[in-house]
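Engineer: got a predicted model here, sequence first, then my questions.
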Amino acid sequence: MSAILARAKAARETNTLLRHLLGALLGLVLVVLVLQGVSDFRRFQLAEMAYLGIAAGGLTVLTGLNGQLSLGHGALMAFGAYTTALLLPDRDAGTPLVLVILAAVLVTLVVGALVGAAAARLHGPYLAGATLALAVAVPGIALYFKGTLGGEQGLRIVLPEIPTWADDATYFLTGQDLTPSGWVAFLGWATLIVTFVLLANLSRSRVGRRWRAVRDDEVAAQLAGIDLGRARVSAFMVSAAAAGAAGAVLGIAVRLAAPSSFILTLSLTLLAAVVLGGLGSLTGALVGAALLTFLPQVVTGLGTDAGLDDIAAAELAPLVYGLVMVLVILLAPSGLYGTVHRALVVRRTRRALASGARPAADPATPETPGSTTTTREGATR
Amino acid sequence: MQQLLNTALGGLTLGMVYAAFALALVLIWRSTRVVNFAQAPMAMVTTFIALVVIDAGYSYWLGFAAALASGLLIGALLERLVVRHVDGKAEINAVILTLGLFIVLHSLAAVVFGNAYRSFPAPFGIRGFEVGDRTIALTGFGVFTIVAVLVVMAMLVALFRFTDVGLRMRAAAFNPEVARLLGVRVGRMKTLGWALASLVGSLAGLLIAGGSLVHPGYMDSVVVYGFVAAVLGGLDSPAGAVVGGLVLGLSLSFVSGYVGSQLVALAALLILMLVLTLRPGGIFSSATARRV
């Protein structure tokens, strides 16, 4: 028995993919158990956290690993949501949800390739401005093609019947039937886990190293034979694909694809999630998504208690995360997760040194663009 | 024929406002190498300050002056208290910082002034002039807009060309190290740059608001168009910003008039992409050196 455990441990340490897959499986079971234990409202919130997390994960890969800033990821989510709406117009559509999400990913991947090809030539504020224009432009497309895309009202998304296997599996694990809200939240989290496993593996692979090399020093990367344009476009495509999956989950969760869901605010919210969690870390993106999901309720509650009316109180949440965003950039550029993580590692190393042991290697080398100083700017001036 | 004329006139007025906004972005870019995405909400806040003054029973012009003065103050304060601290860090940090300020100012304004649409007065007529027996799309307020932007532009050119302060500002922006050695207070020049830019932005906000509705988000699309205009001109050139603003104003007016107003933002995106693909540094950029 102990031999098997030892071998499993060894395999876990050598094989990143296996480790991630094991974690993913464990995560899925955990998600089912948690989702069945909470209220419908919490399930909806958890679904919201899932789609924010997926999109923030994609944005993390783009911004943290490749150094490209996108203010248009909310708009990219719209492509995923509208694809979902076009494939699920009514209950009889019968398209399996996995296929729907894959189609959403594919469509957004193509859009990402187009935008990424243009974006690859830009840097810094130019890229930010171009993606900002994307964020403002996309809702207009839905308004213009009123016939196909439903205009201001948007398109309704009808959820197909819950498959029997999902219901059976849930009953087997928790002894309860699966509710629609539970099914939606489960879909969201399953998508999140799959996306994160793929992104985590990609970022540790050769492709990921190329992205990082391009971020850290364009000239050095070029000298090492890396095609800058290709690296940038591929990072943008992967990131856009994640946004497409997030859009599909959003569509399934709110059962609607409407232009008002994908305004600039959503894009800025995603950026806030990425910055709050810490640029460059997928866990950080998840922490950021959780903050954005659960913080508003708390802050709004505090606001109403303090005597503000509902509309003013609802604005307190963005106020708080805007302020936190500014403070994070000024005081802790590696984000909340990055800062805490580094503090823990420093403490552990110090304790190890005190007890005379060899200090552990630092696994939390901060991967924020903040640590790469200003070398990049001079490149094309 | 008449529609063509009216579309062009509308585009001209709008283009002037974009030009003013682009000018504000260029001013900040030149003095601090930051694109100020918070420019729009800053202008929105000052417009609301003007509205408070006007609603309290004072004249339009007092509100106008209050907005410009508060713009000057907000710009200087933000540079001193916040933006200065990302100086020398990666440029992505500055972008994220101004976006954080964007969110903060937005929600702060919604808490303080409310989220509703409110009408903003105009000092001149907002009905078109009559030429012969036809009404054209040029209003008294439109003329005021064009004149105001031209005057501000002339004043800025005069400031940079003919005054000592302007020379110091140019030196500080061009080469901070050398300027510092020559005794220029670079920090102060940057603060002044932000203050002036914020003032010009406030003017753009007032001109857009005049005779229409304002709410905390009314300037959001303007930051996009202002940015596109500034990039068309190359981000570094005030003259380019003005030309970019006019080109964009006219193009968008034609898209809005002949294709559909919903696609205006998309047209701006396409124009931006086209220009940046052909000339990544903007139309007015000089040849760029490549570092290898």
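Structural biologist: Here it is on my side, so go on. Residues are numbered from 1 along each chain as shown, chains lettered A, B, ... in the order given.
Engineer: please point out which parts of the lengthiest helix in chain A sit buried.
Structural biologist: Of all the elements of type helix in chain A, the one with the most residues (DSSP state H) is helix A:228-254. Residues of helix A:228-254 classed as buried by neighbour count (16 or more other CB atoms under 10 Å in any protein chain shown): A:228, A:231-254. No exception for glycine: its C-beta is placed from N, CA and C like everyone else's.
Engineer: show me what contacts the residue of chain B found nearest chain A?
Structural biologist: Closest contact between chain B and chain A, by CB to the nearest CB, is at B:Ile103 (3.2 Å). When the contact criterion is CB atoms under 8 Å, 6 or more residues apart in numbering or on different chains, the partners of B:Ile103 are A:268, A:272, A:318-319, A:321-322, A:325.
Engineer: overlap between the residues you listed and the residues near chain B?
Structural biologist: Of the entries in the contacts of B:Ile103, the ones placed beside chain B under the rule of CB under 8 Å from any CB of the partner chain are A:268, A:272, A:318-319, A:321-322, A:325.
Engineer: near chain B, which residues of the stretch 101-250 of chain A are found?
Structural biologist: Residues of the stretch 101-250 of chain A lying close to chain B (CB under 8 Å from any CB) are A:118, A:121-122, A:124-126, A:128-130, A:132-134, A:136-138, A:140-141, A:143-144, A:219, A:222.
Engineer: related to what we said a few turns ago, can I get the contacts of B:Ile103 in a markdown table including neighbour count?
Structural biologist: Listed next are the contacts of B:Ile103 as a markdown table, based on neighbours: other CB atoms under 10 Å in any protein chain shown:
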| residue | neighbour count |
| --- | --- |
| A:Leu268 | 25 |
| A:Ala272 | 25 |
| A:Pro318 | 25 |
| A:Leu319 | 21 |
| A:Tyr321 | 27 |
| A:Gly322 | 22 |
| A:Met325 | 27 |
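Engineer: still on that earlier bit, with adjacent residues omitted, what lies nearest to the residue of chain B closest to chain A?
Structural biologist: Using CB to CB, 6 or more residues apart in numbering or on different chains and skipping residues adjacent in sequence, the residue nearest B:Ile103 is A:Gly322, 3.2 Å away.
Engineer: wasn't that neighbour part of a strand?
Structural biologist: No. The assignment for A:Gly322, made by DSSP: H, G, I helix; E, B strand; the rest coil, is helix rather than a strand.
Engineer: so B:Gly211 sits in a helix?
Structural biologist: No. Assigned with three-state DSSP, B:Gly211 falls outside any helix and is coil.
Engineer: you'd agree it is up against B:Pro121?
Structural biologist: Yes. Contact criterion CB atoms under 8 Å: B:Gly211 and B:Pro121 qualify, at 7.3 Å.
Engineer: any idea which residue of the stretch 201-350 of chain A lies closest to chain B?
Structural biologist: Closest approach of the stretch 201-350 of chain A to chain B (CB to the nearest CB) occurs at A:Gly322, with a separation of 3.2 Å.
Engineer: so how far is A:Tyr337 from that residue?
Structural biologist: Distance check for A:Gly322 against A:Tyr337: by CB to CB, to the nearest Å, it reads 19 Å.
Engineer: low-confidence stretches in chain B?
Structural biologist: Segments of chain B classed as low confidence (criterion: pLDDT under 70) are B:126, B:280-292.
Engineer: on that earlier part again, next, the contact list for the residue of the stretch 201-350 of chain A closest to chain B, please.
Structural biologist: Remark: with contacts taken as CB under 8 Å, 6+ apart, A:Gly322 is in contact with A:272, B:100-104, B:106-107.
Engineer: show me these that map onto helices.
Structural biologist: When DSSP H defines the helices, the subset of these inside them is A:272, B:100-104, B:106-107.
Engineer: among these, which ones are buried?
Structural biologist: The neighbour-count test (16+ other CB under 10 Å) applied to the ones in helices among the contacts of A:Gly322 identifies A:272, B:100-104, B:106-107 as buried.
Engineer: can you put these in a markdown table and add distance to B:Ala195?
Structural biologist: What follows is these, written out as a markdown table (distance: CB to CB, whole Å):
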| residue | distance to B:Ala195 |
| --- | --- |
| A:Ala272 | 28 |
| B:Gly100 | 20 |
| B:Leu101 | 15 |
| B:Phe102 | 19 |
| B:Ile103 | 22 |
| B:Val104 | 19 |
| B:His106 | 21 |
| B:Ser107 | 24 |
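Engineer: closest one of those to A:Ser39?
Structural biologist: Proximity of these to A:Ser39, judged by CB to CB, is greatest for A:Ala272, which lies at 26.5 Å.
Engineer: I'd guessed that closest one sits against A:Gly288; true?
Structural biologist: Yes. Under the criterion of CB under 8 Å, A:Ala272 is in contact with A:Gly288, at a separation of 7.1 Å.
Engineer: what count of nearby residues applies to B:Met155?
Structural biologist: 12 (other CB atoms under 10 Å in any protein chain shown).
Engineer: that one should be in a helix, yeah?
Structural biologist: Yes. Note on B:Met155: a helix contains this position according to three-state DSSP.
Engineer: all the strands of chain B, residue numbers only.
Structural biologist: Per DSSP state E, chain B has strands spanning B:118-119, B:128-131, B:134-139, B:213-214. These are given in chain order.
Engineer: what residues does the longest one touch?
Structural biologist: Looking back up the chat, that one is strand B:134-139. When contacts are defined by CB under 8 Å, 6+ apart, strand B:134-139 is touched by residues B:2, B:5-7, B:9-10, B:13, B:124-130, B:211.
Engineer: cutoff 7 Å now
Structural biologist: Among residues not part of strand B:134-139, those counted as contacts by CB atoms under 7 Å, 6 or more residues apart in numbering or on different chains are B:2, B:5-6, B:9-10, B:125-129.
Engineer: quick one: name whatever helix or strand follows the helix or strand harbouring A:Leu143.
Structural biologist: Element membership of A:Leu143, judged by DSSP states H and E, is helix A:124-144. The helix or strand immediately downstream of helix A:124-144 is helix A:146-149, counting by DSSP H and E.
Engineer: give me the neighbour count for residue 92.
Structural biologist: Using chain A here. Applying other CB under 10 Å, we find 7 other residues in the vicinity of A:Asp92.
Engineer: actually, chain B is the one I wanted.
Structural biologist: By the criterion of other CB under 10 Å, B:Ile92 has 29 neighbours.
Engineer: verify the stated contact: it with A:Leu69.
Structural biologist: Yes. When contacts are counted by CB atoms under 7 Å, B:Ile92 is listed as touching A:Leu69 (5.5 Å).
Engineer: show me the helices in the stretch 151-292 of chain B, by range?
Structural biologist: Remark: helices assigned in the stretch 151-292 of chain B by DSSP state H, counting those that start in this stretch are B:164-174, B:176-181, B:186-209, B:220-233, B:238-258, B:264-278.
Engineer: who wins for proximity to A:Leu202 among those helices?
Structural biologist: Ranking the helices of the stretch 151-292 of chain B by their distance to A:Leu202 (criterion: CB to CB) puts helix B:264-278 first, at 27.1 Å.
Engineer: following element in sequence after the helix or strand harbouring A:Gly57, please.
Structural biologist: Secondary structure from DSSP H and E places A:Gly57 in helix A:40-60. The helix or strand immediately downstream of helix A:40-60 is helix A:66, counting by DSSP H and E.
Engineer: which bits of the stretch 101-250 of chain B sit near chain A?
Structural biologist: Counting by CB under 7 Å from any CB of the partner chain, the residues of the stretch 101-250 of chain B lying close to chain A are B:101, B:103-104, B:106-108, B:110-111, B:115, B:220-221, B:224, B:227-228, B:231.
Engineer: repeat that with 8 Å
Structural biologist: Proximity of the stretch 101-250 of chain B to chain A, by CB under 8 Å from any CB, involves residues B:101-104, B:106-108, B:110-111, B:114-115, B:220-221, B:223-224, B:227-228, B:231, B:235.
Engineer: no further questions, thank you.
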